[in-house]
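Visitor: My questions are about this predicted structure, shown below with the sequence.
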Amino acid sequence: MPKNHIITGLDIGTGSIKILVANLESGEEKLEVLSLVRENSFGVRRGVVVNVEGVSNILQNSLSRIKEDVGFKINSVYVNVDGSHLFSLPSRGTIAVSRADQKISEEDINRVLQAAQTISLPSNKEIFDVFPREFIIDGQKGIKEVLGLQGVRLEAEVLVLGGFAPYLKNLSRAVTDSELQILDIVPSPIAAARAVLTPRQKEIGVALLDIGAGTTGLAVFEEGDLVYFTVLPIGSINITHDVAIGLKLDTEVAERIKIEYGSCLSGGEKKTRLRSKEKIEIEGEAPLVFSRKALNEIIEIRTSEIFSEVQKELKKISREKLLPAGIVLTGGGAKLPGIVELAKRELKLPCKIGKPQGFQDLEEDLSFSTVCGLVLAGVDLIEESQPVISEFGKGISSKIKRVFKIFLP
């Protein structure tokens, strides 16, 4: 592998669009951040690109700023995909091993994974990725690495990811219209998981909850594999809107008040109860006076609703109260004080904040988890020595990566 690699992650979110350019140098544990640009988003609704031209314009402006920072043009990116149109489905593929000596080849692995994607879907839905979970050779289950093993019948248990084709095409157009090549796409919560989860957490069972502005993504891992994935159409912007309505404020003011004075706990500990009785007064052209308790009650109700929806998803896969590593919260919406305590109360599981790892000076800002994970996905692909599965525990790099036709211009 060459000594240096420039890797760029592009996070197109509801609230902001972020581009992170990093340098990977052999032997270094942390990536060197060359440039980081964050712009207010326009043309993205609940994680979905609805205005291709608006997003493309923002990208072009951001890329111009980056070129000034680093002195060269960015040509390719690892990009996220988001929105409640995304879905995951378990599937199985079966083939006969092709070689006369019955040794399983790379071609066999490719064929069985392709067979696992042959499922009936509506014409406007597309599969864009596949996560292998296990292989089965002649009925023997639980095999993670099959290359070179002998058998007659090869099966693969996988989780396929897909989405609404027109939304996927919008994402592709917005990026390619900015003269960028898409190297790979990764759903936002899976990218965030790459940045904040440890291999041990994925092994024993964990759920990553990525709370963004317009969406909340859930990714569940067990035995190192992705076992479930979904995106809910609710996020921190819904909390802001509730604050704006409840306190009769402009949304920009409501967002600032939420961040500066808000908490997910309207009562509870003695210290919290004392603070909740405070009256907050903000000076300005039109002075604002409001009760901290009223503010926190609004925030707590909406955040509890998010956790309630997450609990429903965990019940679908029989994982409620059954994840030893618990829930890891990340994303810009996870910055609210008291959110860990509320999550523990609502989800009845261990809960903690997950910070992006591997990037100096970025580890304290939860809103960078997805874009950091996209860069790390690029690192995984660079370090992958073969195009076929070799290590399931890596998550994103533990599957054949490809950009499907729906992402090509």
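Guide: Looks like it came in fine.
Visitor: switch to C-alpha atoms for all contacts and neighbour counts from now on
Guide: Fine.
Visitor: domains for the chain, by residue range?
Guide: Split into domains by automatic domain parsing, the chain comes to 4-84+165-195+356-407, 87-164, 198-353.
Visitor: Okay, strands next: where are they in the stretch 101-250 of the chain?
Guide: 125-137, 140-143, 153-164, 181-187, 206-211, 216-222, 225-232 (DSSP state E, counting those that start in this stretch).
Visitor: Mean pLDDT and distance to residue 198 added to these, as TSV?
Guide: Putting the strands of the stretch 101-250 of the chain into TSV (pLDDT from 0 to 100; distance: least, Cα to Cα, whole Å) gives the following:
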stretch	mean pLDDT	distance to residue 198
strand 125-137	94	18
strand 140-143	94	22
strand 153-164	96	21
strand 181-187	95	18
strand 206-211	98	10
strand 216-222	97	11
strand 225-232	96	12
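Visitor: Would you mind finding the most buried of these?
Guide: strand 206-211 (a mean of 28; mean count of other Cα atoms under 10 Å).
Visitor: what sits opposite residue 155 in the beta ladder?
Guide: residue 94, residue 136 (DSSP bridges).
Visitor: Surely it and residue 104 touch.
Guide: No: using Cα atoms under 8 Å, residue 155 is not in contact with residue 104; the gap is 11.4 Å.
Visitor: closest one to residue 362 among the strands of the stretch 101-250 of the chain?
Guide: Closest approach to residue 362 among the strands of the stretch 101-250 of the chain (Cα to Cα): strand 206-211, 16.6 Å.
Visitor: and the nearest residue to residue 201 once chain neighbours are set aside, which of the three is it?
Guide: Excluding the flanking residues, the one nearest residue 201 by Cα to Cα, 6 or more residues apart in numbering is residue 325, at 5.6 Å. Three-state assignment for residue 325 (DSSP: H, G, I helix; E, B strand; the rest coil): coil.
Visitor: quick one, phi/psi of residue 325?
Guide: The phi and psi values for residue 325, taken as degrees, to the nearest 10, are phi -90, psi 0.
Visitor: Number the residues from 279 up from this point.
Guide: Understood, numbering begins at 279; the last thing we discussed is residue 603.
Visitor: And it, how far from residue 484?
Guide: Residue 603 sits 5 Å away from residue 484, going by Cα to Cα, to the nearest Å.
Visitor: Look up which residues are beta-bridged to residue 495.
Guide: Beta-bridge partners, per DSSP bridges, of residue 495: residue 488, residue 509.
Visitor: Residue 526 is nearest to which of the strands of the stretch 379-528 of the chain?
Guide: Comparing the strands of the stretch 379-528 of the chain by Cα to Cα, strand 484-489 comes nearest, at 24.7 Å.
Visitor: orientation of that closest one relative to strand 494-500 in degrees?
Guide: Put simply, strand 484-489 runs at 170 degrees to strand 494-500, going by axes from the mean of the first three to the mean of the last three Cα atoms, to 10 degrees.
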